[in-house]
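A.B. asks: sequence plus the predicted model coming up.
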Protein chains: 2
Amino acid sequence: MQDRFMRALRRQPVDRTPVWLMRQAGRYLPEYRATRARAGDFLTLCKTPELACEVTLQPLNRYALDAAIVFSDILTIPDAMGLGLTMVEGEGPRFARPVRTAEDVNRLEAPDPETALAYVGETIRLVKRELGDRVPLIGFAGSPFTLAAYMVEGGPSRDFARLKHLLYNDTDTLHHLLDTLSTAVVEHLNAQIRAGVDVVMVFDTWGGILSTQAFTEFLDYLWAVVSGLSRSLTGDPVPCILFTKGGGQWLETLASTGCDALGLDWTVDLAGARERIGDRCVIQGNMDPACLLSSPKRIRQEVGYLLDRYGKGEGHIFNLGHGINPDTDPDHVAAMVEAVHELSAPYHAR
Amino acid sequence: MQDRFMRALRRQPVDRTPVWLMRQAGRYLPEYRATRARAGDFLTLCKTPELACEVTLQPLNRYALDAAIVFSDILTIPDAMGLGLTMVEGEGPRFARPVRTAEDVNRLEAPDPETALAYVGETIRLVKRELGDRVPLIGFAGSPFTLAAYMVEGGPSRDFARLKHLLYNDTDTLHHLLDTLSTAVVEHLNAQIRAGVDVVMVFDTWGGILSTQAFTEFLDYLWAVVSGLSRSLTGDPVPCILFTKGGGQWLETLASTGCDALGLDWTVDLAGARERIGDRCVIQGNMDPACLLSSPKRIRQEVGYLLDRYGKGEGHIFNLGHGINPDTDPDHVAAMVEAVHELSAPYHAR
């Protein structure tokens, strides 16, 4: 197996900095749009293992990426909880039955991943079979707080007023919800591990909207997720990457969860982050996805800058600082991946 | 004059922590909505000094606030540049003629504040007359980068793709735009100082979307604004408050601009910020505006928590961490202001 990604996660020496992209299987690829059109809609694509497998592999067939990530969505958990998820084009997810009250929360149960979310495990098994020994496969889930944010708001929100209402008026109910979601996330990730993923990633998309006080209060649920992970089928620990968007202030706190790697959004300086985190966590990131809209030359320059900010030695996985923009030119992704591999060699010379 | 606010800005001892609220003259007040209805629309309200003066004073008549802030908008500068500003209800500002190319930028000139923005000076003179010796008056402007973000996007944006396009493809043009805007902001703030404001504040609403590298690159323009400020009519330096939303990672960098106070959004821990900044800057902030939607009891608890996080001694101005939510109950604001004054006394005991 091309194991640069696994080696980097274990802080072992590598020949080049490994690279993959958040949302690398996505709308910027014409072949993705074709498969999606065949599926009809986004959720059907997620729930049809053959098609989800197909789009998972598409970016691997184009680029020399060092990891695959299973095609799925963080909202599969609340969907399996029966909240009536629909994806509204150009607007985002909507829940027909949002979670607003203590009664709503009491009714929720962590879905059984082997039944309600069986399609994710099936996709993983298909991908592993197709992928063979090429590169490792990443499974993922949303963080409990991020799932709660979507479930409580029920649709797009600027200021998360409903979620904050719970936070300030009925913290117990929010804690109950986060507790249920922690169980669901751990069970879902462990089912993905049983199905064969090599690494898991937790997307905490909305943690950055919290005060430091509230973020720290809810850290228990991130800790519960990280510490609840099973070992792999072969008995090895499965590395966990934790990504809190807007969490640049809290890197030390995030590292204390015991995760193996921290994903950084594009606002964070890699040199500063490395200094703060030391060898407690590997660092993953963090090119501004908007830079991919520029030109191959400018992208190469930015890759060089970021590699230089991280500096020599192990512990860096190159990625974007957020999901790839759907308007990205696929050739620009090629330029980025090539630049990472070409320009990073000197940083790993022994 | 009730000079708690001025004394706090100069790090002099005070009897209580001074308090005001970002957007304290706003839609949450029924009397504001009445005046706004008389004006017809938001921009007419901004541009009619008698009405702008009236709404500036409304929150002062309700609450024991320690400062007034002139009712205006950061987009008065691009409006005066002829970009065709309209405020779209429930959506935000739109420009009929957004700024996208080098030619667009070349055409722009810093507006003469004494003619194109004369209404702001006139509002300030009216407010100072009405306000008399009650409390100090704050003038304000947007930061050059934040104004550029609105002017280039031209309307609501999730990812600021057009702005980032300039940033990564044509940095020279963006620098040219920021240079013109720095001149405009300095001239506008100095005109407000000539008209009588006691303090100025710079709102950098969108600085937080930048990478650390880009934020540092554009810091020159914040520095230019802070260092370009005139002395007051009486020859005193006019204190400057700088607020970068999402800038919690960069407090030391922001303090290096020479501003007198840093506004903090609600994500930043006050104790951590005070430790990082020391006595280089006064700290203003930073209650989550969503907390004002809870209850007087919960609000009082949060005020107590924040006062405690800042701790004893001078150098703190209480405020929200972002503008007040229009759905806020006016009685909740009363609870906050009273709690700040009541609970802060022990922190200033000598």
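C.D. replies: Sure, I can see it.

A.B. asks: distance of the closest residue to chain B within the stretch 1-150 of chain A relative to residue B:243?
C.D. replies: Distances between the stretch 1-150 of chain A and chain B by C-beta to the nearest C-beta are smallest at residue A:92, namely 9.8 Å. For glycine as for every other residue, the C-beta is placed from the backbone atoms N, C-alpha and C. Using C-beta to C-beta, to the nearest Å, one gets 29 Å for the distance from residue A:92 to residue B:243.

A.B. asks: wait, residue A:228 sits on residue A:188?
C.D. replies: No. If you go by C-beta atoms under 8 Å, residue A:228 and residue A:188 don't touch, sitting 10.8 Å apart.

A.B. asks: who's more crowded, residue A:92 and residue B:243?
C.D. replies: With neighbours defined as other C-beta atoms under 10 Å in any protein chain shown, residue A:92 and residue B:243 compare such that residue B:243 has more, 27 against 13.

A.B. asks: how about that one, secondary structure?
C.D. replies: strand (DSSP: H, G, I helix; E, B strand; the rest coil).

A.B. asks: what sits closest to it if chain neighbours are left out?
C.D. replies: residue B:263 (2.9 Å; C-beta to C-beta, 6 or more residues apart in numbering or on different chains).

A.B. asks: all strands for the stretch 201-350 of chain A, in order.
C.D. replies: Assigned by DSSP state E, counting those that start in this stretch, the strands in the stretch 201-350 of chain A fall at A:240-244, A:261-263, A:282-284, A:316-317.

A.B. asks: find the least confident helix or strand in chain A, judged by mean pLDDT.
C.D. replies: Least confident helix or strand, chain A: strand A:85-88 with a mean of 92, by mean pLDDT, DSSP states H and E.

A.B. asks: does it reach chain B?
C.D. replies: No. Judged by C-beta under 8 Å from any C-beta of the partner chain, strand A:85-88 stays clear of chain B, getting no closer than 14.5 Å.

A.B. asks: kindly report the same for stretch A:166-181.
C.D. replies: Yes. Using C-beta under 8 Å from any C-beta, we find that stretch A:166-181 touches chain B at A:167-169.

A.B. asks: please apply the same query to stretch A:296-312.
C.D. replies: Yes. Counting by C-beta under 8 Å from any C-beta, chain B is contacted by stretch A:296-312 at A:298, A:302, A:305.

A.B. asks: for the second one, which residues are in contact?
C.D. replies: Residue A:302 is in contact with A:287-288, A:291, B:168, counting by C-beta atoms under 8 Å, 6 or more residues apart in numbering or on different chains.

A.B. asks: swap in the last one?
C.D. replies: Each residue near residue A:305 by C-beta under 8 Å, 6+ apart is listed here: residue B:213.

A.B. asks: ditto for the first one
C.D. replies: Residues in contact with residue A:298, defined by C-beta under 8 Å, 6+ apart, are A:291, B:168-169.

A.B. asks: out of those, which is most surrounded?
C.D. replies: Counting by other C-beta under 10 Å, top hit in those: residue A:291 with 27 neighbours.

A.B. asks: report the central residue of chain A.
C.D. replies: Taking C-alpha atoms, centre = their mean, the centroid of chain A lies closest to residue A:203, which sits 4.4 Å from it.

A.B. asks: chain B contacts on the stretch 1-150 of chain A?
C.D. replies: So the stretch 1-150 of chain A never meets chain B (C-beta under 8 Å from any C-beta).

A.B. asks: where do the strands sit along the stretch 1-150 of chain A?
C.D. replies: All strands of the stretch 1-150 of chain A, identified by DSSP E, counting those that start in this stretch, fall at A:68-69, A:85-88, A:92-95, A:137-142.

A.B. asks: just send these back as a markdown table, with distance to residue B:322 too.
C.D. replies: Formatted as a markdown table, the strands of the stretch 1-150 of chain A follow (distance: least, C-beta to C-beta, whole Å):
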| stretch | distance to residue B:322 |
| --- | --- |
| strand A:68-69 | 34 |
| strand A:85-88 | 27 |
| strand A:92-95 | 22 |
| strand A:137-142 | 25 |
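
A.B. asks: test my guess that residue A:133 contacts residue A:3.
C.D. replies: No. Using C-beta under 8 Å, residue A:133 is not in contact with residue A:3, being 9.4 Å away.

A.B. asks: looking at those two, which one has more neighbours?
C.D. replies: The neighbour count for residue A:133 versus residue A:3, taken as other C-beta under 10 Å, is higher for residue A:3 (17 against 8).

A.B. asks: residue A:136 is in contact with that one, correct?
C.D. replies: Yes. Contact criterion C-beta under 8 Å: residue A:3 and residue A:136 qualify, at 7.1 Å.

A.B. asks: can you get me a residue count around residue A:294?
C.D. replies: 21.

A.B. asks: before we move on, what SS does the nearest residue to it once chain neighbours are set aside have?
C.D. replies: Of all residues not flanking residue A:294 in the chain, residue B:168 sits nearest, at 3.8 Å (C-beta to C-beta, 6+ apart). Put simply, residue B:168 is helix when judged by three-state DSSP.
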